[in-house]
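1. Task: produce atomic coordinates for the following.
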Amino acid sequence: MTRQDDTFLDDILAQARSQQPTPSQDLIARVLADAAAEQAAILTPIAAPVSRGQRFFDILGGWTGFGGLITAGMAGIWIGLAPQVPLESLAAGEAVDTIALNLWPEDSLFDVSVETDG
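-> Just a heads-up that it's a prediction; the model follows:
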C-alpha cells in the first residue's frame, strides 16, 4: 500500500467518527413501550406460596424422585439389617449356594429319530 491509501483511509474513518448517530423517535417509543410491558409483567401477582413439604417434594423431582429415594432408603435398611457373611466363608465359596439346572437335556437335544408303527 502506498502512503496515499493510508491517508485516504484515515480521512474516511475520521469522517465516520465525527458523525453521531441519533435514534429515531419511533425507535425510542417502541423501546419505551417494550420496557413498560416488561415492567407490567413483573408486577403481576405471584401465585400463592407453597408449603415447605411441597417445595421439598418438588426439589426431589416429584413422584419419580420420591420413589427413588424411598427405594434407596429401603435397600439401605435391608442391607444394614441383613446378617453379614464373614469374608473367610466368601473366599471359601461356602456362602454361595449353586443350583444346577439343565434346561436342555443332552439326550433329547439332537434327537431327530422318527417313531413308526410296526
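2. Rounded mean pLDDT for the helix ranked longest in the chain, please.
-> The longest helix of the chain (DSSP state H) is helix 62-81. In this model, helix 62-81 has a mean pLDDT of 90.
3. likewise stretch 13-25?
-> Mean pLDDT, computed over stretch 13-25, is 87.
4. and that stretch, how far apart are its ends?
-> 27 Å (C-alpha to C-alpha, to the nearest Å).
5. which residues touch that stretch?
-> For stretch 13-25, there are no surrounding residues in contact (C-beta atoms under 8 Å, 6 or more residues apart in numbering). Every residue, glycine included, has its C-beta placed from N, CA and C.
6. count of residues packed around Arg55?
-> 11 (other C-beta atoms under 10 Å).
7. Give the phi and psi angles for it, as a check.
-> phi -60, psi -40 (degrees, to the nearest 10).
8. Relative to Pro49, how far out is it?
-> In this view, Arg55 and Pro49 are 9 Å apart by C-beta to C-beta, to the nearest Å.
9. for Ile70, same thing?
-> For Ile70 relative to Pro49 (C-beta to C-beta), the value is 27 Å.
10. Could you export the longest helix of the chain as CSV, CA atoms only?
-> C-alpha atoms of helix 62-81 as CSV (Å, rounded to 0.1, in the frame of the first residue of the first chain):
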residue,chain,number,x,y,z
GLY,A,62,-41.8,-35.2,42.2
TRP,A,63,-43.1,-38.7,42.5
THR,A,64,-40.2,-40.1,40.4
GLY,A,65,-37.5,-38.7,42.7
PHE,A,66,-39.5,-39.5,45.8
GLY,A,67,-40.0,-43.2,44.7
GLY,A,68,-36.2,-43.5,44.0
LEU,A,69,-35.5,-42.0,47.5
ILE,A,70,-37.8,-44.5,49.2
THR,A,71,-36.4,-47.4,47.2
ALA,A,72,-32.8,-46.5,48.0
GLY,A,73,-33.7,-46.0,51.7
MET,A,74,-35.4,-49.4,51.9
ALA,A,75,-32.4,-51.0,50.2
GLY,A,76,-30.1,-49.4,52.7
ILE,A,77,-32.2,-50.6,55.6
TRP,A,78,-32.3,-54.1,54.1
ILE,A,79,-28.5,-54.2,53.6
GLY,A,80,-27.9,-52.8,57.0
LEU,A,81,-30.2,-55.3,58.8
